[in-house]
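# Got a sequence here, can you model it:
(2 chains)
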Amino acid sequence: MTVSSNGGVKKGSTPPRTWFKAFFSFLLTFVFMFLCWIVLSGKFDPLLLWLGGISSFFVAYNFYDLLFPALGRRYFIIFLKFSAYVPWVIWEIIKANFHLLYLAFHPRLKEMIDPQIITFETHLKSDIAIATLANSITLTPGTITVSANSDGVFKVHAIDSQSADALPGIMLTKVAQIFGETI
Amino acid sequence: MNLLVVLFLLVGVFFFLGGAIGIIRMPGFYTRLHPAGILDTMGILLMVTGIALYNLIPFSFDSLLLSIKIFLIVFFVFLSSPTATHSIVDAGMRAGLRHWTNKKRRG
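Take a look at the predicted model:
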């Protein structure tokens, strides 16, 4: 009925287990959509709640396999590990911010910085792992991902050698751990 | 509590100021993007935390919802800012602009 993103969960001729998984994705999408509706509307009139419920139902019915395509224990574990990763990366961002703020106010700025482009190779396979690492690097002030391709080769512009030395380092280890990949 | 809000806002403003000064002072095209990252991450995180806390003070369910909405700003900026920065860098690279290097260090 809808475009399925990973090799086709189609309604009708599916074995019971797949049907159950599709229903679970539907339920999860519905709950997520309805929570978004409640947070964004903030009104609790019965009419508005009904409208939200109906529209969430339609969205979830038609697009259940887009948001949570293939549910399994693996994805749940990835989600948990990712939630643990987010505070760590925010802490890294805060530390890097103080370093860059010090640089910005330093009188001899042009002697302190040493911009360079470094290239490093990783063995990350999945697109989402590469995208996560690239975005984390760019979010951390002092390092910007210039390019990252699907072979796992990263080119990073770093502002000084202190920022450059921190790469790929522990961030790569953490990202590889989240998605269960070898470094 | 108000003191905490003011502290958050002031530190946020300080980071914004530092980022802006950094953008002006840095040499070269790519290096200027680094202090812009200060604005995108630390500045907005602190400012929005301050505003969300201020909004939360007469605590009610409505103000909690509003604070969640305010905090969604941080979420979306954290998603979009790396993409925007990357596209700027990529445009520079495609145009063939070489990055500014420190001649004294490199020799």
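# which residues touch the closest residue to chain B within chain A?
Nearest residue of chain A to chain B (Cβ to the nearest Cβ) works out as A:Ala104 at 3.2 Å. Where you see a C-beta, it was placed from the backbone N, CA and C, and this is true even at glycine. Applying Cβ atoms under 8 Å, 6 or more residues apart in numbering or on different chains to A:Ala104 gives the contacts B:Gly18, B:Gly19, B:Ile21, B:Gly22, B:Arg25, B:Met26, B:Pro35, B:Ile38.
# Excluding chain neighbours, what is closest to the fifth one?
Among residues not flanking B:Arg25 along the chain, A:Leu109 sits closest, at 5.5 Å (Cβ to Cβ, 6 or more residues apart in numbering or on different chains).
# again, but for the first one
In space, B:Gly18 comes closest to A:Leu101 once its chain neighbours are excluded; the distance is 4.5 Å by Cβ to Cβ, 6+ apart.
# How many residues are close by the residue of chain B found nearest chain A?
As assessed by Cβ to the nearest Cβ, chain A sits closest to B:Gly22 within chain B, at 3.2 Å. Around B:Gly22 there are 26 other residues, counting by other Cβ atoms under 10 Å in any protein chain shown.
# next SSE after the helix or strand that contains it?
Per DSSP states H and E, B:Gly22 falls inside helix B:2-25. Tracing the chain past helix B:2-25, the next element assigned as helix or strand by DSSP H and E is helix B:29-38.
# Quick one: mean pLDDT over the helix or strand harbouring A:Phe79.
In this structure, A:Phe79 sits in helix A:73-105 according to DSSP H and E. Averaged across helix A:73-105, pLDDT comes to 85.
# what about that helix, distance to the chain center?
Helix A:73-105 sits 12 Å away from the centroid of its parent chain (Cα atoms, centre = their mean, to the nearest Å).
# Pull out the buried positions in it.
The neighbour-count check on helix A:73-105 (16 or more other Cβ atoms under 10 Å in any protein chain shown) flags A:Ile78, A:Tyr85, A:Val89, A:Glu92, A:Ile93, A:Ala96, A:Asn97, A:His99, A:Leu100, A:Leu101, A:Leu103, A:Ala104 as buried.
# Stretch A:18-27 now?
A:Lys21, A:Ala22, A:Ser25, A:Phe26.
# do stretch A:173-183 as well
Buried-residue list, stretch A:173-183, by 16+ other Cβ under 10 Å: A:Lys174, A:Val175, A:Ala176, A:Ile178, A:Phe179, A:Glu181.
# got it, and stretch A:144-164?
Applying 16+ other Cβ under 10 Å to stretch A:144-164 flags A:144-148, A:152, A:154-160, A:163-164 as buried.
# can you tell me which two in these are farthest apart?
For those, the farthest-apart pair by Cβ to Cβ is A:Gly152 and A:Asp160; their separation is 25.1 Å.
# what's the helix holding B:Gly22 packed up against?
Packing partners of helix B:2-25 (3 or more Cβ pairs under 8 Å, 6 or more residues apart in numbering or on different chains; DSSP states H and E): helix A:73-105, helix B:29-38, helix B:44-56.
# try it again with 10 Å
Contacts defined by 3 or more Cβ pairs under 10 Å, 6 or more residues apart in numbering or on different chains; DSSP states H and E place helix B:2-25 against helix A:73-105, helix A:109-112, helix B:29-38, helix B:44-56.
# The helix or strand following the shortest one pairs with which strands, parallel or anti?
Moving toward the C-terminus from helix A:109-112, the first helix or strand encountered (DSSP H and E) is strand A:116-121. For strand A:116-121, the paired strands and their directions (DSSP bridges) are strand A:153-158 (antiparallel).
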